[in-house]
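Undergrad: A structural model of the following input is requested.
(chains A and B)
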Amino acid sequence: MSGDTEKTAELNTKDARIGVFVCHCGSNIAGLLDCAGLAEYASGLPNVVFTKNNLYTCSEAGIAEIMNAIKEHGLTRVVVASCSPRTHMPLFKSACAEAGLNQYLFEMANIRDQCSWVHAQDRDLAMVKAEDLIRMAVAKARFLEPAEDIESSLVRRAVVIGGGVAGLSAAGALADMGMEVILVERQAELGGLLRRINRIGPGGEKASELVGTLVAEFKSKPRAKALLESEVSAVSGVVGNYEVTIRDKSGELQTETVGCIVVATGALPFTPEGLYGYNGKNVITQIELEEKLRDGTLDAKRVVMIQCVGARSPERTYCSRICCQTAIKNALYIKELNPEAYVHILYRDIQMYGTDNERTLWDSRGKGVHYDVYDVGRPPVVKDGVVEVYQPLLGEVEQIPFDLLVLSTPLVAPEDAQEVANLMRIPVDQNRFYLEAHAKLRPLDFATDGVFLCGTARYPATVGEAQAQGLGAASRAATVLFKDKLVASALISQVTERCDGCGACVELCPYHALSLEEYEQDGQKLKRNKVDKMLCKGCGVCAATCPKGGVVVCGFTRTQLQAQVDAALEAA
Amino acid sequence: MDVGRHPKIRLLAYSEIEKIDGEMGNFHITVRKKARYVDEKKCTGCGTCAEKCPTVTSDAYNLGLGKAKAIYKYFAQGIPSAYTINANVCRQLQGKKCGVCAKVCQAGAIDYKQQEQIIEFDVGAIIVATGYDLFDATKIPEYGYGRLPNVVTALEFERFLSASGPTHGHVYRRSDLALMDALPEAEKSQQKAAKGLEQLEKKGGMSSADFYAKYEAGELQGEEYDKWAEQVKVSRAATEKLEAMKAKVDQIEGAHRLAFIQCVGSRDIRFNKYCSGFCCMHAVKEAIIGLEHDRDAEVYIFGMDIRAVGKNFEEYRNRGAGSGIKFIRSRVAEIYEDKDHTPILVYEDTKERQVKQLPVDLVILATACQPSEGIVKMAATVGIETNDFGFIKTASYPPLSTSRPGVFVCGCAVSPMDIPESVAQASSAAARAAQVLSGSETERLAS
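TA: Okay, the predicted model is just below:
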């Protein structure tokens, strides 16, 4: 392949031998456009030595024709006028490569989406536009340069940050897939928030048992190790080769090279200082109730719970997802301990989504747990041992005496969420939860390659959801770690000798792929831009910013774009 | 698309599992691949066949709201991008004369003799992701679905909102759509009647108006004239009918008052006790899009609780409330209609402690997410158990395990859930399968 590349590289633009293939796409294009006419038109363009119109250029027969033409007619550039490069570019490029032509000497004109589909009402204009697009593609093709995909090695190891239920699940699953895993936990023990919980809903298993199982399974894996009382203090590098610096409690640093990072740093229950008379004694939070239940120290016959304390409010606009389940789970457990106990839950919307949750709600009503809706505009008022709540259904204020008032507070992002995010250059949302790459389709990925997300660091989640997300993040990381090597497109930024190191582009790069490096020339210390080839996505922001042509994007160089623009403006 | 193009994924569409033998790590699978009468490898998805196919049937993807041909693609972006012949309506496959699709297919992909195939292969682990079906809203007679034209399901409303849907993104009352659909037929009969008159006029050498005046006056008599007179009456009636319809159609405006009713068939002891999880957000989304279509629309969401529990969901609900959606905490008791097919909701306003009535243009029912129709048969074939709700039974630890080792389950086959949850769970199921393939699941079960 490299021999062929050298051969094609030698062919300068004025000798370029261009082949143009016009696709009918069945009737998608040919139903409106005269494809034979377009091929005829292309044959008159400079450097075009071969044209062909095919029923389907993407079919086996069409691909064979491209490959034959490259060989028989000595084509040094190929242009296909057909559909969207998003779907078909890889296929045509690999056909070129297979026939011995460098894959980057290929260009496409989209005469389907951009002509026959959108201009179906005006055949003549659609035809003119198709000619324009083909002329532009041919003009650019003359100036295409051969290139090679960028390949990089990768390390089959991963760091998982956070040893709660999500982190333990992720680390265990990665170790099971044969990866070496380093689990970094800030606390002295693994298990995270799960250690503070009594029972797990809706089944009622003891949380301590699940912690035991998860930790024992993790410890049984020879490829996994945990670094306790440790924190990640620095991260550099790119997907496949991240350098993660970890600081232990004595301040000692160690650096691990890993292919991927899983973020499972969790969240913490909000402490409602100043809300509803919170005092940690007879007005406590739901997590404090969990601890009492876990330790068997609950002593209350009348328990009232208020939902959405510090959540769904202007300060914290979100619903914390799990608090209704937690409240009802604890209400049922209190009833189990003492069927005579009075439990009353005041809520805004009772969030028992799904099958088992809603059943738990039914069961709790059956077992005598009281429920009332409160209006956010008229919230409950806590007085000494009594909650006053306005009952919209009755139009009256009800007095509910209590021994213990339990406030359901949301899970909130840890104080240092932003700092941890900065280490990995990952974004956080308005509530400082980590922001995934796509809310619907990539819930466990970050936009930064090789960094993944799970558990309550993403958003409040139940124990079961956090486990599933941990496994899911492991699976997402495995899609990178199982590769033999990482391959990236060569269509990325390249620094030219005109770069004077002004750094205007560095700040603007959305992928943090640019940095300034110092070098010496004629005894002078100078600066210039440096591109990280794995980080750069070829978006072109830098090239558009630079007034000096100091950085260009391969495949979209000034010469290539100029040729295209000139061709567009040429009278057809 | 990613799945369709992945070199390591073999996609067997239009296929069902016939049998699973063996055990974790070494399953032997038998699949029945149904005949689509089109060669998937040759079909390029160009659509010429469907364009020329003379047989029109109802469009399953658009929930019968639109039309499809006997050779069809379930929806435009489907993978594989191949057409399928509906053997129940295809003229050729019903033994009649046709063969149009085979004639027009330039790729030579049509194969009327294609047979269903039995395919066998071995795998180590199995993931069940068979999804869900929607509750049949006709089971709740008090809501009138199927009887009142302007009561639709949320999924039908979704098709109305879609730019590529049957109404090209315009929201109309279904009774008005029926009226618009009937217009061409009325035009046709009016034209036919007019043509008949024209012939008679030519033959009789005078205009129908003149003729009829004379006929009425008794100046013209005889069988021929009786026929002509009859034709005049038919034509006048057809014209009158058409004009009346046109006048009505001219007055049609988009559906302006929308009422969403939540928990239709869910959180209801008569049908499904559970919560369908995603419908609240689906309603909020449809309501917001409805408001984007028509800024001045009146939009109501009737629900017991609004369950906006996902990331940014509460914020989205607040945005909806900010743009004018009225959330009413109530379970609608009954829907009836007036003579113009305007649905009227009867409900109790729990805040004001009053029974109220609300006329709207369109009612949208959030029908429950139910175990898919074939789940019992599928579970039996795969050898896994279902739970009390009829979904696939899972253990609480480790996640996504079914009752059969090596078989995992994800998505709405487990319980109703939204897209991010399903996507995350799908990745988890892949990790569970990887644990089988690496041997660690066997170790875990042994210890």
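Undergrad: quick one: A:E243 is in a strand?
TA: Yes. Counting by DSSP: H, G, I helix; E, B strand; the rest coil, A:E243 is found in a strand.
Undergrad: list the contacts for it?
TA: Shown in contact with A:E243 (CB atoms under 8 Å, 6 or more residues apart in numbering or on different chains): A:234-237, A:255-257. Bear in mind the C-beta positions are built from the backbone N, C-alpha and C, glycine included.
Undergrad: Look up the closest residue to whichever residue of the stretch 1-150 of chain B sits closest to chain A, ignoring the ones flanking it.
TA: Using CB to the nearest CB, the closest approach of the stretch 1-150 of chain B to chain A is made by B:C46 at 2.6 Å. Nearest non-adjacent residue to B:C46, counting by CB to CB, 6 or more residues apart in numbering or on different chains: A:G26, 2.6 Å away.
Undergrad: OK, contacts around the one you found?
TA: Going by CB under 8 Å, 6+ apart, A:G26 touches A:55-56, B:44, B:46-48, B:106-107.
Undergrad: Ramachandran coordinates for it?
TA: phi 60, psi -120 (degrees, to the nearest 10).
Undergrad: quick one on the thing from earlier: show me which of the contacts of A:E243 is closest to chain B.
TA: Taking these together and measuring to chain B by CB to the nearest CB, the closest member is A:E256, at 22.1 Å.
Undergrad: Would you agree the closest one falls within a strand?
TA: Yes. Counting by three-state DSSP, A:E256 is part of a strand.
Undergrad: May I ask you to confirm that it is in contact with A:I182?
TA: Yes. Using CB atoms under 8 Å, A:E256 is in contact with A:I182, at 5.4 Å.
Undergrad: more neighbours, these two?
TA: Set side by side, A:E256 and A:I182 show more neighbours around A:I182, with 21 against 18, by other CB atoms under 10 Å in any protein chain shown.
Undergrad: Tell me the bridge partners for the closest residue to that one other than its chain neighbours.
TA: Spatial nearest neighbour of A:I182, chain neighbours left out: A:V159 (5.0 Å); criterion: CB to CB, 6+ apart. Note on A:V159: beta-bridge partners A:I182, A:I261, judged by DSSP bridges.
Undergrad: Now do the contacts for A:V159.
TA: Here A:V159 is in contact with A:181-184, A:232, A:242, A:244, A:246, A:256, A:258, A:260-262 (CB under 8 Å, 6+ apart).
Undergrad: mind running it again at 6 Å?
TA: A:182, A:244, A:258, A:261 (CB atoms under 6 Å, 6 or more residues apart in numbering or on different chains).
Undergrad: tell me which parts of the stretch 451-572 of chain A are close to chain B?
TA: Within the stretch 451-572 of chain A, the positions lying close to chain B (CB under 6 Å from any CB of the partner chain) are A:459, A:467-469, A:471-472, A:474-476.
Undergrad: Please list all residues in contact with the residue nearest the centre of chain B.
TA: Centroid check for chain B by CA atoms, centre = their mean gives B:L63 as the closest residue, at 2.8 Å. Applying CB under 6 Å, 6+ apart, one finds that B:L63 lies in contact with B:E156.
Undergrad: Need the pLDDT of the closest residue to A:D15 other than its chain neighbours.
TA: Sequence neighbours aside, A:T76 is the residue nearest to A:D15 in space, at 7.6 Å (criterion: CB to CB, 6+ apart). Note on A:T76: pLDDT of 95.
Undergrad: measure A:E151 to A:N102 for me?
TA: Shown here: A:E151 relative to A:N102, a distance of 15 Å by CB to CB, to the nearest Å.
Undergrad: Perfect, that will be all.
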